[in-house]
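K.L.:
model the following, please.
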Amino acid sequence: MRNAVMKFNQSGFTLIEVMIAAVILAILTAIALPSYQNQMRTNKRTEAENLLLEVASKQQRFFSDQMTYTNDVTALGYTAPLQTESGAYTLTIALGAGGSSYTITATATPDQAKDGCGNLTLTNVGQKGKSGSKSLADCWK
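P.N.:
Predicted coordinates:
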């Protein structure tokens, strides 16, 4: 009879190797995910800034034709409610006395408010504003 002891050729990963790989993946995710979320919020804020500037431009054209500003977004060629493509901001227009001035406000969704800039504003004289804790220079680029 041949030797009763048989040798098995094992291949694959041990449990320890799999656990080490899982821990490394968890650490990388914990570092990368907040950075990714912050970058996405910054991109959505830039989208809102661009829409604010576009609406302000349309307000100036409307004023040159009508000699007044409007708070009706449909008169400017938009559908109500006016939102950014991502849905992170909703825009509203508040008129001053007699329609001679306006303030456009981009109101952030609760998740977007974590950006630190809060709501963004733009007036008919080009004054930019924000309601969050970050500086104006950090919020409007």
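K.L.:
only C-alpha atoms from now on, for both contacts and neighbour counts.
P.N.:
Noted.
K.L.:
any chance you could list what contacts the lowest-mean-pLDDT helix or strand in the chain?
P.N.:
Lowest mean confidence among the helices and strands of the chain (mean pLDDT, DSSP states H and E): helix 110-113, at a mean of 92. With contacts defined as Cα atoms under 8 Å, 6 or more residues apart in numbering, helix 110-113 is touched by 41, 44, 88-89, 118-119, 132.
K.L.:
show me which residues of it are buried.
P.N.:
Going by neighbour count (16 or more other Cα atoms under 10 Å), the buried part of helix 110-113 is 112-113.
K.L.:
chain center to that helix, what's the gap?
P.N.:
8 Å (Cα atoms, centre = their mean, to the nearest Å).
K.L.:
whatever helix or strand comes next after that helix: partners in the sheet, and parallel or antiparallel?
P.N.:
Counting by DSSP states H and E, the next helix or strand C-terminal to helix 110-113 is strand 120-123. Applying DSSP bridges, strand 120-123 is found paired with strand 102-108 (antiparallel), strand 128-130 (antiparallel).
K.L.:
tell me which of those strands is the most buried.
P.N.:
Ranked by mean neighbour count, those are led by strand 102-108 with a mean of 22 (mean count of other Cα atoms under 10 Å).
K.L.:
so where's the protein shaky on pLDDT?
P.N.:
For the chain, the stretches with pLDDT under 70 are 1-10.
K.L.:
right, and A80 touches V73 too?
P.N.:
Yes: between A80 and V73 a contact is recorded at 6.5 Å, counting by Cα atoms under 8 Å.
K.L.:
how many residues are close by A80?
P.N.:
Neighbours of A80 under the rule other Cα atoms under 10 Å: 12.
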